[in-house]
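A.B. asks: this one's sequence-less:
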């Protein structure tokens, strides 16, 4: 099974900081599974209608919106499930930019 490189939109990181601490362990377990297999399964993971290449992962009363490519997965936002979860504006995203290994070494 292919493991993709994880990337988070900066706003996703901020949202996680405000996430209920009781659900934090489950959140990271779900993300760990998602990195290994981001493809929709029709139940927990689905492609969003009307959104280009954006998917959702169900977690209790929350929805994690994400996109992915061959080598990466990008976490976009986490929203509480409600009637407005999918209708509150479009989720914009850019594909993540990763530094080649030799450039990462220069930053250390």
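C.D. replies: Cool, got the structure. Everything quoted here is computed from the prediction, not taken from an experiment. Numbers count the residues shown, from 1 in each chain.

A.B. asks: and the pLDDT for the most centrally placed residue in the chain?
C.D. replies: In the chain, the C-alpha closest to the average C-alpha coordinate belongs to residue 75, at a distance of 2.4 Å (C-alpha atoms, centre = their mean). Reading off the per-residue confidence, residue 75 sits at a pLDDT of 95.

A.B. asks: next one: residue 99
C.D. replies: Residue 99 carries a pLDDT value of 58.

A.B. asks: hmm, back to that, okay but the residue nearest to the centre of the chain is in contact with residue 30, surely?
C.D. replies: No: checked against C-beta atoms under 8 Å, the pair residue 75 and residue 30 is beyond contact range at 10.5 Å. C-betas here are computed from N, CA, C, even on glycine.

A.B. asks: before we move on, the earlier item: off-centre distance for the helix or strand the residue nearest to the centre of the chain falls within?
C.D. replies: Using DSSP states H and E, the secondary-structure element containing residue 75 is strand 72-80. What separates the centre of strand 72-80 from the centre of its chain is 3 Å, taken as C-alpha atoms, centre = their mean, to the nearest Å.
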